[in-house]
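Engineer: got a predicted model here, sequence first, then my questions.
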Amino acid sequence: MNCSLPSILIILLLLGGCRTEGSDPPKTEAPKQPASIAPAKIGCAGCHDEVQLDSAHQLACTACHGGADHEGQLEKAHAGMIARPSHPQHMAATCGKCHQQQAADAAHSLHFTQENKINAIRSHFGASNHLSEPAKIPENAAISTPLALADDMLRRRCLRCHVFAKGDDYPAVTHGTGCSACHLAFKNGKMQSHAFVAPTDTQCLSCHYGNHVGSDYHGRYEHDYNWEYRTPYTSQTTNKTAPRPYGLEFHDLAPDIHQQRGLLCIDCHRDSGHAKAKEISCRSCHGWKPGQPVPALGNLQARGDSLTLTGRTDGKQHAAPRLRHPAHQQYGQQVACQVCHGQWSFNDAPTHLLRSAFAEYDPWERLIVQGSSEVEALLEHNVYRSDELPPTMRDGLTGESRPGVWLQGYGQRRWEQMIIGKDSDGVIKVFRPILDLRLSMIDADGQAPFDNVNGQGSGLLPYTPHTTGHAGMFYLDRFKHLLPANVE
């Protein structure tokens, strides 16, 4: 049969419009259900459910941080909140509510007052007054004297890593403030736990890193800043630059023998953060004799003819050997222990510090790594990018930025030969050039009102290197030239 094309289309359309019995009905969309609304997060734990407290501090968050609990709105919950309740400004009112004596003692400890460091530097550059705390360091709008320049250096270069600030933005040196600087654990720049614990060496090294007493206890000597003296340059496996958890790479030298035996800083320096440092020396343990009072460290016990020290965190017991070599009897009153037993010491001299407000950065390309994350970030940005940032730097006490950035470098960094000399009390000691400082300043116009100001005296100060080891056969050669002719 011949059918025309329109006829076929008509038949197909009619068939398509018919529905046989049992065929599916036209589909209709199911009515949409209203989207479920997440319950509002109420109270501190609603947003901060990851915070775990230790058994001794099962307190409401508001007991220390303030703010308002049982609130679902951020603004209301955080009204009046104190972000860092253990900061020196707040710790008496927060930590001191339960730990009144400890908070009061801490406020007068050297960790908080920095009296020794502050006044040694200020007197070196002409100060005659004694400051009892960092907050009393003058904040000078204009720099007109070497002392004013030194004060600016203290506030912005020296005090950025202590208990008033959170430290630099390097993985191993960021820490809490005030009490939290020692008692809260940080890792990779972040707080790991809200549990308050006894300090470990990790907390101690978050401030006592670099070429300062503390890092030497672990055998670390910081590299120089110039990129030609810093190794390894890159990782052989990932082709990335080596990690710098403390801001700079370091040499691995001989650690202190006490560290090799497993002793922590707090095993000897028990109360250094809670009170003025008590007199303690090598002889406190090793010079003890039966019948004498046991040194009041709290972890010492007399056993037979020697003392036993118990580790504060691991409970491990360490016998303190008594002084038996005849040299201790012969020279012990006139020669400090580390003159013979120190394995190496910090000898960085001179230390050059430049306060620069001048926008010229290319000469610093080799010295971008400065031991300060703030300075490093500024130099790296301005050396390699065209949109230069202004040369400003924060105040370590207030956190406010001011014009001028403190750049640093060294004449040399050495550890080979310890400097041995006679102190003002007549005792032969180890010295280091810690005050061999040279201060300079360049203003925004490129003028230098101060150039290489070096303060008073040689800059050598006695100190105790924490690099104890066995005295060698030639220990006498270290100090015999300082003995009277009839004593040697």
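Structural biologist: That came through, no problem.

Engineer: where does Leu248 land in three-state SS?
Structural biologist: Under DSSP: H, G, I helix; E, B strand; the rest coil, Leu248 falls in the coil class.

Engineer: isn't it right next to Tyr221, touching?
Structural biologist: No - checked against C-beta atoms under 8 Å, the pair Leu248 and Tyr221 is beyond contact range at 10.4 Å. The way it works is simple: take the backbone N, C-alpha and C, and place the C-beta from them, glycine included.

Engineer: any shared contact partners between these two?
Structural biologist: Shared contacts of Leu248 and Tyr221 (C-beta atoms under 8 Å, 6 or more residues apart in numbering): none.

Engineer: where do the helices of the stretch 51-200 of the chain begin and end?
Structural biologist: Taking DSSP state H, counting those that start in this stretch as the criterion, the stretch 51-200 of the chain contains helices spanning 61-65, 74-77, 100-107, 110-113, 115-124, 146-153, 180-183.

Engineer: so for Glu376, which of those sits nearest?
Structural biologist: Across the helices of the stretch 51-200 of the chain, Glu376 has its closest neighbour in helix 146-153 (17.6 Å, C-beta to C-beta).

Engineer: can I get the CA coordinates of the closest one in CSV?
Structural biologist: Extracted in CSV, the C-alpha atoms of helix 146-153 (Å, rounded to 0.1, in the frame of the first residue of the first chain):
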residue,chain,number,x,y,z
PRO,A,146,73.3,55.7,71.7
LEU,A,147,71.2,54.7,74.7
ALA,A,148,67.9,55.5,72.9
LEU,A,149,69.2,53.4,70.0
ALA,A,150,70.0,50.5,72.4
ASP,A,151,66.5,50.8,74.0
ASP,A,152,64.9,50.5,70.6
MET,A,153,67.0,47.5,69.8
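
Engineer: and the contacts of that helix?
Structural biologist: Contacts of helix 146-153 (C-beta under 8 Å, 6+ apart): 121-122, 124-127, 137-140, 142-143, 353, 355, 404, 406, 439, 441, 450, 453, 455.

Engineer: can you pull out the low-pLDDT segments for this protein?
Structural biologist: Counting by pLDDT under 70, the chain shows low-confidence ranges at 1-40, 233-240, 272, 275-278, 486-488.

Engineer: what about Asp252, distance to Arg157?
Structural biologist: Distance from Asp252 to Arg157, counting by C-beta to C-beta, to the nearest Å: 27 Å.

Engineer: which one's more surrounded, those two?
Structural biologist: Higher neighbour count among Asp252 and Arg157: Arg157, with 22 against 9, using other C-beta atoms under 10 Å.

Engineer: highest mean neighbour count out of the helices of the stretch 51-200 of the chain?
Structural biologist: helix 180-183 (a mean of 24; mean count of other C-beta atoms under 10 Å).

Engineer: Tyr217 - nearest residue in space that isn't next to it in sequence?
Structural biologist: Nearest residue to Tyr217, sequence neighbours excluded (C-beta to C-beta, 6 or more residues apart in numbering): His466, at 4.0 Å.

Engineer: thought the one you found was touching Gly219?
Structural biologist: No - taking contacts as C-beta under 8 Å, His466 lies outside contact range of Gly219: 9.8 Å.

Engineer: list residues touching both of these two?
Structural biologist: Common neighbours of His466 and Gly219, counting by C-beta under 8 Å, 6+ apart, are Asp256.

Engineer: so which of those two has more stuff around it?
Structural biologist: A count of neighbours by other C-beta under 10 Å puts His466 above the other of His466 and Gly219, at 23 against 19.

Engineer: neighbours around Val213, how many?
Structural biologist: Counted with other C-beta under 10 Å, Val213 comes out at 16.

Engineer: in contact with it, which residues?
Structural biologist: 463-466.

Engineer: Glu249 too?
Structural biologist: 222-223, 230-232, 242.

Engineer: if we use 6 Å, what do you get?
Structural biologist: Going by C-beta atoms under 6 Å, 6 or more residues apart in numbering, Glu249 touches 223, 230.

Engineer: picking up where we left off before, in contact with the residue nearest to Tyr217, which residues?
Structural biologist: His466 touches 213, 216-217, 256, counting by C-beta under 6 Å, 6+ apart.

Engineer: including distance to Ser424 and secondary structure, could the residues you listed go into CSV?
Structural biologist: Shown next, in CSV, are the contacts of His466 (distance: C-beta to C-beta, whole Å; DSSP: H, G, I helix; E, B strand; the rest coil):
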residue, distance to Ser424, secondary structure
Val213, 21, coil
Asp216, 24, helix
Tyr217, 27, helix
Asp256, 27, coil
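
Engineer: any idea which of those residues is closest to Gly43?
Structural biologist: When the contacts of His466 are ranked by distance to Gly43 (C-beta to C-beta), Tyr217 comes first, at 44.1 Å.

Engineer: neighbours of that closest one, just the number please.
Structural biologist: Neighbours of Tyr217 using other C-beta under 10 Å come to 22.

Engineer: residue contacts, it?
Structural biologist: 256, 259, 466.

Engineer: for Tyr463, see how far away the first one is.
Structural biologist: Yep, that's Asp256 we're talking about. With C-beta to C-beta as the criterion, Asp256 and Tyr463 are 14 Å apart.

Engineer: where exactly do the helices run in the stretch 301-450 of the chain?
Structural biologist: Under DSSP H, counting those that start in this stretch, the stretch 301-450 of the chain gives helices at 326-331, 337-341, 373-384.

Engineer: which strands and helices lie in contact with the second one?
Structural biologist: Secondary-structure packing of helix 337-341 (3 or more C-beta pairs under 6 Å, 6 or more residues apart in numbering; DSSP states H and E): strand 428-432.

Engineer: which strands or helices does the strand it packs on pack on?
Structural biologist: So strand 428-432, by 3+ C-beta pairs under 6 Å, 6+ apart, packs with helix 337-341, strand 419-422.

Engineer: apply 10 Å and report the result again.
Structural biologist: helix 337-341, strand 347-348, strand 419-422, strand 461-462 (3 or more C-beta pairs under 10 Å, 6 or more residues apart in numbering; DSSP states H and E).

Engineer: the third one pairs with which strands?
Structural biologist: So the one you mean is strand 419-422. strand 428-432 (antiparallel) (DSSP bridges).

Engineer: need the residues that contact the strand it pairs with.
Structural biologist: 211, 213, 331, 334-340, 342, 345-349, 418-423, 458-465, 467, 478-483 (C-beta atoms under 10 Å, 6 or more residues apart in numbering).
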